[in-house]
Each structure stands twice: as structure tokens, then as C-alpha cells.
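[1] What follows is a protein structure lacking sequence information:
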Ligand SMILES: Nc1ncnc2c1ncn2[C@@H]1O[C@H](COP(=O)(O)OP(=O)(O)OP(=O)(O)O)[C@@H](O)[C@H]1O
Ligand SMILES: [Mg+2]
């Protein structure tokens, strides 16, 4: 296999706060191949945005970062330390959840894109505006020549997000990170924007990281999916494998909590009981164990390492779903009426595969 385009190794991020040190990332590892679309999914607070912001050099100065980020053979954290600014916004760009975080409310849309082109690529004012019109057309803005002279507040949320995407694409990045790019818009607009990103990625041969809390959004678009929990990637595999043969009980629970096309339309969805864990002074145990239907005594005294084949199907669990070990654990818990962590599971209908 050739070198991956992006390689993240043992990435750890801590935030010292007045309440204590927040362990936001605890050894995140993943690779991204050129042209690939990777989905990162997980509940609120699992570390999705911190991962993206670390790549983009957007964390506050107080953040304590360890680990390596290698992008096309270059050490990204070293570029950050050396003050190299030309990299972000050019080769690697990001689209945020709320378009207004990226747009200047008192500047015309066209000018904002043109500014990026002039600053990073040295275009003249005239060239930059022409290119801005062209980019707005590419992202599907109707009447782009007119839109360049409009202010962000004159556009709908969906059109604003398209302007942000045009801005992110202006310098022909080879990696685009989209962090919940569609949470601020309604479902139809969401589909249009995701289709647009997908098309642009294909046309431009770009790689993409799509961050979402919705596994349904990642399905059908992402080649691979990484599932995050409490600052770790707890499972990663090809998308279809994740949906048909998941290993981590958290992934299993996520899958049960979303509607699936291969299920009858009235299949009951099961919310995941409990809340994500505290990230300050976390105990040494599997972070998911208090909520896990498979939890056994060993899950409460050690943190499971990632098993499986790197780059194929990886997961961090002692009693994985859809395996004999997992089925035995679940059967024992069902018989006892509760898990080793004390979670009552009487009446649980799921078989874990
Ligand atoms: N600047 C900061 N200072 C302290 N803690 C932070 C900071 N930024 C993030 N965190 C904490 O790091 C953890 C991970 O946050 P992150 O924003 O990555 O979550 P997320 O997975 O993106 O969630 P969401 O789905 O809500 O966007 C959270 O517990 C968050 O409170
Ligand atoms: Mg986030």
C-alpha cells in the first residue's frame, strides 16, 4: 500500500481548566488515503471537533497536544510550531457547522472568497472576483454573478453554507474537513449540501473527513467510518462492514438508535441509556462500560486496546458484539438481569447479532 495522505498517531489532547484537566483525546489513530471519504461519528463531547481542530491548528494555546499528524509527508504540528500559515486554508480546509462562524457579516460574499484567492494565491482583484463567481456557480448558487454582491444575511442558511464551501474550495485543497456541515439546515437542504460535497470531492479528487453525530448521514457517502467515544476511536472499518458486522457495543447501540432502510418502518428504535462519561480524571476502565449491555468484570478494571487489522476492521473491546465472546457476555448479563457495572438489562430483546 502507498503512504496514506494523512496519518494521525497517538494523538492526545488535554485542556487544563479550573475544574481539572479535560482529557479530550486519548490516543487517536487513523489514516486517510488520497481521495477517500472518512466519516467520524460519535455523541456530543466524544472529541470529533477537537480532532478536526487539531488537524487545522485551531485549538486554543492552552491545549496540551501530544502525538503525530503527518499530511503528505509533512509534520503538521511542526508546521504549526514554525508558524507556517500558508498550509491551512490552502491544502487543508474546513467547513464548520454554522456558516456564520466563517463569514464576515459586513462583507459581500464575493469579496470574502476573492480575499482568500488574493491572499493565498496572489490573484488580482479582477481575477479574484471572476473566480469567485465561477466558484459560486460550481457550488450551485443560482445567479452567481448577482450573489457576489450580496451580504451573508441576504442569503438563506443553505445558500450561506454553499458560500462557505466555495470559500473552502477556493485554493483547491487536497483535504476538506466538514464538521457537522448540515446541522444548521433542514433535511432537504442537508441532502443537497452533502451531495454537493460528494460531487466536488469526486470531481477534484479531494479527500474528505465528514464529521457527524448521525450514522445515517455517513452511510452511503463515506468509504470508512471511525466511531469515537470519550476521546478514542473505538471502532473503525469500511462503512458496509460497520453496518453489517459491527464489533463495538457502542457502535451496535448507535446502529439500533437510527432508522435503517432494511428494517420494517415501525421497528422500535432504542435510545442509548445513560450519558457520556466525565473527561476529568476518568477511572481506568472501558469508558463505555457503565452504559454497555455486554460489560463484564474485566471491562471495569482495564482500558481495552484496539484489536483487529490496522486499516481494515479495528475495535477496542474485550467482549465484542457479533462474536462468541460477546454473545456469551450478553447471555450472562441477561441471565443476571444486570451487567457487571450494574446496568439493568431485563427485557433486552437484542441479541448482539
Ligand atoms: N477549549 C476547551 N477547553 C476545555 N474543554 C474543551 C475545549 N474544547 C473542547 N473541550 C472538551 O473536549 C471534549 C470534546 O469536545 P468536542 O468539541 O471535540 O466534542 P464533539 O465530539 O465535537 O461534540 P459535538 O457533537 O457536541 O460537537 C468535550 O468534553 C469538550 O467539553
Ligand atoms: Mg463538534
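    On my side now, so go ahead. Since the structure is predicted, the reported quantities are computational estimates derived from the model, not experimental observations. Ligands and ions are numbered 1, 2, ... in the order given.

[2] How many neighbouring residues does residue 202 have?
    The burial metric for residue 202, expressed as a neighbour count using other C-beta atoms under 10 Å, is 11. In this view, the C-beta of every residue, glycine as well, is placed from N, C-alpha and C.

[3] part of a strand, is residue 93?
    Yes - under the criterion used here (DSSP: H, G, I helix; E, B strand; the rest coil), residue 93 sits inside a strand.

[4] What's the separation between it and ligand 1?
    Look at residue 93 and ligand 1: by C-beta to the nearest ligand atom, to the nearest Å, they are 18 Å apart.

[5] what about that residue, how many neighbours?
    25.

[6] again with residue 101
    Using other C-beta under 10 Å as the criterion, residue 101 is surrounded by 9 other residues.

[7] Which residue is the nearest non-sequential neighbour of the residue of the chain found nearest ligand 2?
    Scanning the chain for proximity to ligand 2 using C-beta to the ion identifies residue 49 as nearest, at 3.1 Å. For residue 49, ignoring the flanking residues on the chain, the nearest one in space by C-beta to C-beta, 6 or more residues apart in numbering is residue 179 at 5.6 Å.

[8] Can you name the residues bridging to the one you found?
    For residue 179, the beta-bridge partners are residue 211 (DSSP bridges).

[9] That one against residue 98, yeah?
    No - contact criterion C-beta atoms under 8 Å: residue 179 and residue 98 do not qualify, at 9.9 Å.

[10] who's more crowded, these two?
    A side-by-side neighbour count of residue 179 and residue 98, using other C-beta under 10 Å, places residue 179 first with 21 against 16.

[11] The biggest helix by length in the chain: how far from the chain's middle?
    Here the longest helix in the chain is taken by residue count, with DSSP state H as the criterion, and it is helix 187-204. With C-alpha atoms, centre = their mean, to the nearest Å as the basis, helix 187-204 stands 16 Å off its chain's centre.

[12] burial count for the residue of the stretch 101-250 of the chain found nearest ligand 1?
    Among the residues of the stretch 101-250 of the chain, residue 213 lies nearest to ligand 1; the distance is 5.0 Å by C-beta to the nearest ligand atom. For residue 213, the number of neighbouring residues by other C-beta under 10 Å comes to 16.

[13] List the buried residues in stretch 38-45.
    38, 39, 40, 41, 42, 43, 45 (16 or more other C-beta atoms under 10 Å).

[14] brain fart, stretch 297-316
    Going by neighbour count (16+ other C-beta under 10 Å), the buried part of stretch 297-316 is 299, 300, 303, 304, 306, 308, 313, 314, 315, 316.

[15] ok, which pair from those residues is furthest apart?
    Greatest spatial distance among the buried residues of stretch 297-316 (C-beta to C-beta): 300 and 313, at 25.3 Å.

[16] what pLDDT, on average, does whichever strand or helix holds residue 168 get?
    With secondary structure defined by DSSP states H and E, residue 168 is part of helix 157-169. Averaging the model's pLDDT scores along helix 157-169 yields 92.

[17] counting contacts, what elements does it pack onto?
    Taking 3 or more C-beta pairs under 8 Å, 6 or more residues apart in numbering; DSSP states H and E as contact, the helices and strands that helix 157-169 lies on are strand 92-95, helix 109-121, helix 125-138, helix 187-204.

[18] List the strands paired with the helix or strand of the chain with the lowest mean pLDDT, with their directions.
    Counting by mean pLDDT, DSSP states H and E, the weakest-scoring helix or strand in the chain turns out to be strand 307-308, with a mean of 80. Counting by DSSP bridges, the strands paired with strand 307-308 are strand 314-315 (antiparallel).

[19] Determine how far the partner strand lies from the middle of the whole chain.
    A distance of 17 Å separates the centroid of the chain from that of strand 314-315, by C-alpha atoms, centre = their mean.
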